[in-house]
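*Asks:* Got a sequence here, can you build the structure:
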Amino acid sequence: MSDEEKPKPSNRLKQGEKLTPLGYHMRVGFHPEIRLDRRRGPEFTKMLGEIFDPSESKLNSESWEFVEPKGQSPNCFISVVVEQTNFQFHICMPEHGKEWYETRFKMLMKRFREFFSPSLIMESSVMINGLLPVDGDARTFLAGHVARIGGTRVAPFGRPIQLFGIRFFFPPFASKGKTKKAKDITTDWSLDLKIESYLEDPTKAYLQADAAWPKPTKWDNAAEERILKQLGTVSDYLDKNIISFLLQSSDDKPGSIS
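*Replies:* This is a model prediction of the structure:
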């Protein structure tokens, strides 16, 4: 097929696609503040060996960091960071499904509680970032079809646009049903969402979802189970609500902004 016969790209999100994750990041803030004694670091490292294989560690009085590199890329790793008031679990360029990391995060929370004995969870958060393929140029998709900013609107810039993005912040909210059949809705988490064209490949859209649960609670088994579900909550919201929003973009035919 010649170049003239090839169909023109639609500059839209591809139907049926799901987010390809680039990273999962989970964080739990706690009370009381812990003392990080380097002499206890090897003992905690041994406990982490039941969860993953940390081959690199940095121990000081302010933070402990444990890293397991994956593959040849420095951007591909699993890490645990423990600070005086929080701990974090990072997965960059995941090789397994989300459930595999949820299992290890559950083990990490239990081992952390056994080792440091925190009494309260002050807050928790989840960040997911990933890519969505676009049939054409993600800049034109986001600017023209989603934000409805056509090619002529950006002419005053007088220069090409390398990246285009939009940002939303969704606070926690409660909605009371207006009829007997309508259910009350309570969402106890906030979401800071960025949707951008991907600098490394403009045929993809980059999503970053940073969700937070700010309400303090007693640290017990029930709290761990609730926190364990948060990664799935954010992942489902992206796959269902956010992708649905992007698929309903305008039928206008905007000019390119690239």
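*Asks:* starting at the chain centroid, how far to stretch 220-233?
*Replies:* Put simply, stretch 220-233 sits 16 Å off its chain's centre (Cα atoms, centre = their mean, to the nearest Å).
*Asks:* Please apply the same query to stretch 215-223.
*Replies:* Centroid separation between stretch 215-223 and its chain, computed with Cα atoms, centre = their mean, is 22 Å.
*Asks:* which of the residues in that stretch are buried?
*Replies:* By neighbour count on 16 or more other Cβ atoms under 10 Å, the buried set for stretch 215-223 is Trp219, Ala223. Every residue, glycine included, has its C-beta placed from N, CA and C.
*Asks:* And for that stretch, what's in contact with it?
*Replies:* Phe30, His31, Arg113, Pro118, Ser119, Leu120, Ile121, Met122, Glu123, Asp188, Arg226 (Cβ atoms under 8 Å, 6 or more residues apart in numbering).
*Asks:* just stretch 86-98 next, same as before
*Replies:* With Cβ under 8 Å, 6+ apart as the criterion, stretch 86-98 contacts 21-30, 70-71, 73, 75-81, 101, 104-105, 108, 112, 231-232, 235.
*Asks:* model confidence over that stretch, on average?
*Replies:* Mean pLDDT, computed over stretch 86-98, is 95.
*Asks:* ok, now stretch 147-165?
*Replies:* The predicted model assigns stretch 147-165 a mean pLDDT of 87.
*Asks:* please begin residue numbering at 509 from this point
*Replies:* All right, first residue 509 from here; so that's stretch 655-673.
*Asks:* What's the separation between Arg520 and Val642?
*Replies:* 7 Å (Cβ to Cβ, to the nearest Å).
*Asks:* Between those two, tell me which one has more neighbours.
*Replies:* Neighbour count, other Cβ atoms under 10 Å: between Arg520 and Val642, Val642 has more, with 27 against 20.
*Asks:* Need the three-state assignment for the nearest residue to the more buried one once chain neighbours are set aside.
*Replies:* Sequence neighbours aside, Phe649 is the residue nearest to Val642 in space, at 5.0 Å (criterion: Cβ to Cβ, 6 or more residues apart in numbering). Using DSSP: H, G, I helix; E, B strand; the rest coil, the structure places Phe649 in helix.
*Asks:* count of residues packed around Phe649?
*Replies:* The number of residues packed near Phe649 is 28, by other Cβ under 10 Å.
*Asks:* show me the residues around it that make contact.
*Replies:* Applying Cβ under 8 Å, 6+ apart, one finds that Phe649 lies in contact with Asn519, Arg520, Leu521, Val642, Ser705, Ala713, Ser757.
*Asks:* Ok, Arg546 next?
*Replies:* When contacts are counted by Cβ under 8 Å, 6+ apart, Arg546 touches Leu567, Asn568, Ser569.
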